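> Pasting the sequence and the predicted coordinates here, then a few questions.
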Amino acid sequence: MGLRDAWIEKRTAAMNGGERNFSQMHYARRGVITEEMEFVAGREKLQPELVRSEVARGRAIIPANIHHRNLEPMGIGVAFRCKINANIGNSATTSNVSEELEKLHRAVHYGSDTVMDLSTGGDIPAIRKEIINASPVPIGTVPIYEAISRVRRPEDLTIELMLEVIEEQAEQGVDYMTIHRRPARIVAASPQSHHGNRQPRRCAPRAMDEFPQETKFSLREFRSHLQDFPEARCQLLARRRTAPRLPRRRER
């Protein structure tokens, strides 16, 4: 039996055929401290009520899919310790479940708090299923990778297919996902550029006026929030080529 079997079965019975919302934020905003919150509180050495409050406010998350029963819950947020993620996954030329499980084992053994399955080829659902079943840490994905593998051309990708992949991965037990806004042309163009003499396509920076109105508002709002979070602003600046580099540590 998985660690969370009894917890989830109790909540399922309490639903009694009603609204099936099992998210940690749903319970937190109703004032309920779940077993996952208590587990996280123990790991973080915090009071369970503080964990619930942080989740309810949207300042923390507990990625815990109800279909990932053997998960050992962990929290990510400003009140919690810093977390580390590791990326694993196969490619179209290399597809081996045992190798991915070995990567998972090593990632968890050396301290990764979460793991992302970035598989792009082979039997992606089967590989992901084995990873989820074997993982005590949250498993994340980038759904566009699997969606692209299901079409012959990037232009064939549809929102219906994308939503279908997201739903299937959620039902399988994926705990968190990275969703790209306009990924098809960017992600899919690169592999196909190796056929023939075409060169890889590069994405030129876009001016703010080229974005839709709702996107422009989101970008401006995001930038304004950065002023209130110096750490986040530093992380963003670190991605720019013009960002100053830290001096190298001298060898003793």
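Structure received.
> so what's Arg150 up against?
Leu161, Val165 (C-beta atoms under 8 Å, 6 or more residues apart in numbering). (Each C-beta comes from the backbone N, C-alpha and C, glycine too.)
> From Ala56, how far out is it?
Distance, Arg150 to Ala56, using C-beta to C-beta, to the nearest Å: 37 Å.
> again, but for Gln169
Separation of Gln169 from Ala56 (C-beta to C-beta): 26 Å.
> Would you mind telling me which of these two has more residues around it?
Taking neighbours as other C-beta atoms under 10 Å, Gln169 and Ala56 compare with Gln169 leading, 23 against 18.
> helix/strand/coil for that one?
With DSSP: H, G, I helix; E, B strand; the rest coil as the basis, Gln169 sits in helix.
> Could you double-check that it lies in contact with Ile144?
No. Judged on C-beta atoms under 8 Å, Gln169 makes no contact with Ile144 at a distance of 11.2 Å.
> Just the helices from the stretch 1-150 of the chain, written as ranges.
Secondary structure of the stretch 1-150 of the chain (DSSP state H, counting those that start in this stretch): helices at 5-15, 24-29, 35-44, 48-57, 97-109, 124-134, 143-149.
> Please identify which of these is closest to Glu160.
Taking C-beta to C-beta, helix 143-149 is the member of the helices of the stretch 1-150 of the chain nearest to Glu160, at 10.3 Å.
> So what touches that closest one?
With C-beta under 8 Å, 6+ apart, helix 143-149 has contacts from 92, 118-121, 124-125, 154, 157, 161-162, 165-166, 169, 177, 179-180, 183-184, 187-188.
> quick one: Asp117 from Pro73, how far?
19 Å.
> cool, and Tyr27?
Applying C-beta to C-beta to Tyr27 and Pro73 gives a distance of 13 Å.
> now Gln169
Following C-beta to C-beta, the distance that separates Gln169 from Pro73 is 19 Å.
> leaving aside the residues next to it on the chain, what's closest to Ile8?
Excluding the flanking residues, the one nearest Ile8 by C-beta to C-beta, 6 or more residues apart in numbering is Ile66, at 5.1 Å.
> err, Glu168, not the other one
Per C-beta to C-beta, 6+ apart, closest to Glu168 is Pro125, 7.1 Å.
> Got the confidence number for the one you found?
Predicted confidence (pLDDT) for Pro125: 95.
> buried stuff in stretch 155-168?
Leu157, Leu161, Met162, Val165, Ile166 (16 or more other C-beta atoms under 10 Å).
> Next: stretch 104-116.
Leu104, Ala107, Val108, Ser112, Asp113, Thr114, Val115, Met116.
> As a check, name the ranges of all strands in the stretch 51-200 of the chain.
60-61, 76-77, 85-88, 114-117, 139-141, 176-177 (DSSP state E, counting those that start in this stretch).
> Figure out which of these is closest to Thr34.
strand 60-61 (13.1 Å).
> pLDDT (mean, whole number) over the closest one?
pLDDT averaged over strand 60-61 gives 97.
> so what's Leu104 up against?
Counted by C-beta under 8 Å, 6+ apart, Leu104 has contacts Ile88, Val115, Ile131, Ala134, Ser135.
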